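S.K.: Quick one, fold the following:
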Amino acid sequence: TTVRWENEGENIAEYGDKNNKNYQGLSNINMHSGEGVVFRNFGSTFTGKLRPSDSIFDKSVYQISLNIDVSNRCLLGYLNSNLYRSIIQGINPSLNFNPSDAGAVPFKLSFDNSNEIESLVEKCIQSRKQQFETYESAREFDGSCFPDLSQIGDLVYEFLYKEEKYEANIAVLHSKLDEYIYKEYDVPERKRDDLNNTLSSNYIQFPYITSENNVDPLSSTSFDSDIPSRTIDMDEYDELVESISSNSNKGIAELSEYLEISPYSVVALRYEHDLYTDDEREKIAARLLSYYLGCIMGRWNLDGCTSESDGILVFDDQFDTYVERRIRECIKLTFDDPYESETRIEEMLGRDPIVWLRNRFFRYHHCKEYRRRGQRIPIYWHLESDEGAFSCFVYYHMMDSDTLPKLRGQYIDKKLDTLQNRLEAIESELETADGGHARDLRSEKEEIQANIDDITEFRNRVDALIEEGFEPDFGAGIWDNIQKVDEHDLLAVPLDKL
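M.R.: Numbering: from 1, shown residues only. Sure thing, here's the model as predicted:
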């Protein structure tokens, strides 16, 4: 969320004072200078996070400030350790965390291994950022991960494999951090084992896997040299691959613990043996198509792709802004072999990409990717008539007071004119037609009349919203705006069904 912050947030503070609202963090503006360490007041696990210097926090987040000379990264290493989490769970076993809970946990005045802890925390932060760079709704995403593709197979490597590798990195790094925190607080070995068994496993202890025939899924990739390795025979190796395949519902860390092998081996074996599920492949292809929509709408950049100035994209080949035409342009700009790539994308989605965009994108992908605190906040609004005779995407951030009148005049009315002209032509042809040709014309006439009725009803609902003076209020947020559109039954899928 972008916040107006001129004069150190003066306008927000004045609004709060005027309306009797207390905005968390504005009571002490100095807290927002530089980086900070924060935690949310709700969660299954207490988690400390680094607040960047260019951000503030809301009422569901608390910032931790220390009066001792300990770095933010050392603090983060301790807050996210098994030791700290076990103590705070003992103090407060609920899902709600308060500042008093965080402050009640003992804290060392200095750390003997501060450099090592800081280095590991920084690696965790970078791995998480690299992971987020591929998620469109994350602040780290800029679309740069997609233009590097040339072969459709790169999708699996650049997304599934790399994201899982970052996840493995984080699991191993956390285990290393735990070891340093245990040393700092002189935690006995037996207690360490108890904490690792009840909270997060010690993933350092699980070995890399190689086979006796030198089948080494890690041979082309550099991983942590501190982790032991183990060579197994081919029968055991094949059983391991089968176990990973049959437990695809488990995450990387969970599989590592279950099979007692390094999370890096889990990642590498899944990639080398192509053990990804159909759902995982669909999600990756979905993210590619979502990126393409963003390029077409002007949200992201793809060399050679021109954006739609009005933020409207339609499922109708009568218009230049035809979804299929524009998506295929993007595929040609991305891949060396666009035809083979489109076929592979279709295989990953389980259906034609344009059919998938129309039937599944908004409800099953986009609204799940763009959500916050239970609210759906989609930016590509899928508007559609009841029977689907007219269907389009409207880009929220490009909307203004002219968007709906443009939609009505330049798209809906033009479509109705085309259908009406064809209807009149059919009626003229029927005067001389007979036999099978006449039957075909009558059938087409019924279909066109049904489409005219469907689009006319949709146009009337658009008119009602225009007459109400609808204009997006960006200050109110996406949710408030899309609710007004939903009240007029314009969305392809109503909000209560998302």
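
S.K.: so where do the helices sit in the stretch 151-300 of the chain?
M.R.: Taking DSSP state H, counting those that start in this stretch, the helices of the stretch 151-300 of the chain run over residues 154-155, 162-184, 189-198, 234-246, 252-259, 263-272, 278-297.

S.K.: correction: the stretch 301-450 of the chain
M.R.: 323-334, 338-349, 353-356, 367-369, 403-406, 413-430, 435-467.

S.K.: And those: which comes nearest Gly34?
M.R.: Minimum separation from Gly34 across these (CB to CB) falls at helix 367-369, 31.3 Å. Every residue, glycine included, has its C-beta placed from N, CA and C.

S.K.: number of nearby residues for Ala476?
M.R.: 11 (other CB atoms under 10 Å).

S.K.: one step back: for Val121, find the nearest of the helices of the stretch 301-450 of the chain.
M.R.: Checking the helices of the stretch 301-450 of the chain against Val121 by CB to CB gives helix 367-369 as the closest, at 28.0 Å.

S.K.: Can you point out the buried residues in the closest one?
M.R.: Residues of helix 367-369 classed as buried by neighbour count (16 or more other CB atoms under 10 Å): Cys367, Glu369.

S.K.: Please enumerate the strands of the stretch 1-150 of the chain.
M.R.: Taking DSSP state E, counting those that start in this stretch as the test, the strands found in the stretch 1-150 of the chain are 36-40, 48-51, 61-64.

S.K.: Can you tell me which helices and strands the first one packs against?
M.R.: Meaning strand 36-40. Applying 3 or more CB pairs under 8 Å, 6 or more residues apart in numbering; DSSP states H and E, one finds that strand 36-40 contacts strand 48-51, strand 61-64, helix 72-79.

S.K.: Single out the most deeply packed of these.
M.R.: Mean neighbour count (mean count of other CB atoms under 10 Å) peaks for helix 72-79 among the helices and strands packed on strand 36-40, with a mean of 23.

S.K.: Next, give phi and psi for the closest residue to Glu384 other than its chain neighbours.
M.R.: Closest residue to Glu384 apart from its sequence neighbours, by CB to CB, 6 or more residues apart in numbering: Ala492 at 3.8 Å. Dihedral angles of Ala492 (phi, psi; degrees, to the nearest 10) stand at phi -60, psi -40.

S.K.: Ala492: neighbour count?
M.R.: Ala492, neighbours per other CB under 10 Å, totals 19.

S.K.: what's the answer for Ile327, then?
M.R.: 22.

S.K.: Which of the helices of the stretch 301-450 of the chain sits closest to Asp186?
M.R.: Minimum separation from Asp186 across those (CB to CB) falls at helix 367-369, 45.1 Å.

S.K.: What are the contacting residues of that closest one?
M.R.: With contacts defined as CB atoms under 8 Å, 6 or more residues apart in numbering, helix 367-369 is touched by Tyr135, Glu136, Ser137, Ser290, Arg376, Pro378, Val493, Leu498.

S.K.: my guess is the fourth one contacts His365, does it?
M.R.: Which is Ser290. Yes - with contacts counted by CB atoms under 8 Å, Ser290 reaches His365, the gap being 6.8 Å.
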